[in-house]
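>>> here's a sequence, model it:
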Amino acid sequence: CRLSKMGEHIMDDLEKDTVDMTNNFDDTLVEPSVMPTKIPNLLVNGGNGIAVGMATNMPTHNLSEVIEGCCAYIDNPDIDLDGLMQYIKAPDFPTGAYIYGIQGVRQAYETGRGRIVMRAKAEIESGESHDKIVVTEIPYGVNKQLLIENIADLVKEGRIDGISNANDESGRQGMRIVIDVKRDAN
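All right, here's what the predicted structure looks like:
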């Protein structure tokens, strides 16, 4: 396997004794306790997991915004949260979608805990026989197939009216969930 360019940059300074080294799990090798990355990789890639009595769930952020925020912090170590949020506005999720309100993001940045509410990105395509709702981005963590199945179940139960079909037409051009709207639906 080969490292990506980003992976190579993370490994660049490993030989320069920039981080502490520790034994691996069976004491046969020595490995870095942390990687000597030039950027805060945890903010860019995020992370989640559970350890002994502790859990973490850190969302991903835009690389350019994080670098700009780091530069602003280096230029002004007394920068406050509002100043930093001029550069790092909010998490940047790989599935896209909209972050609904900034208060949860702000709370997470201030306290380490916050609730980020998201919604899908959709548009209406008008057709000759009926309209379609086309979803092109979904909130991070939402399973696309389960979403389609849940829509179908809600239609069968009669809890949603006006939908005739829901299909996954995703491909190389990106995500595309098509929800066919009945002709007389509003």
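
>>> quick one: the helices in this structure, in order.
With helices called from DSSP state H, the chain shows them at 5-11, 41-45, 63-75, 81-84, 103-111, 144-156.

>>> out of the ones you listed, deepest packed?
The highest average neighbour count among those, using mean count of other Cβ atoms under 10 Å, belongs to helix 41-45 at a mean of 17. Just so you know, the C-beta spots here come from the backbone N, C-alpha and C atoms, and that holds for glycine as well.

>>> circling back to that earlier point, can you list the helices of the chain in CSV and add mean pLDDT?
Output for those, formatted as CSV (pLDDT from 0 to 100):
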stretch, mean pLDDT
helix 5-11, 86
helix 41-45, 90
helix 63-75, 96
helix 81-84, 97
helix 103-111, 95
helix 144-156, 94
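
>>> turn these into a markdown table, columns for distance to residue 124.
Putting the helices of the chain into a markdown table (distance: least, Cβ to Cβ, whole Å) gives the following:
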| stretch | distance to residue 124 |
| --- | --- |
| helix 5-11 | 38 |
| helix 41-45 | 35 |
| helix 63-75 | 31 |
| helix 81-84 | 37 |
| helix 103-111 | 28 |
| helix 144-156 | 16 |
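
>>> among these, which comes closest to residue 135?
Evaluated over those, closeness to residue 135 peaks at helix 144-156, with 8.2 Å, by Cβ to Cβ.

>>> who are the packing partners of that closest one?
Under the contact criterion of 3 or more Cβ pairs under 8 Å, 6 or more residues apart in numbering; DSSP states H and E, helix 144-156 touches strand 163-168, strand 177-181.
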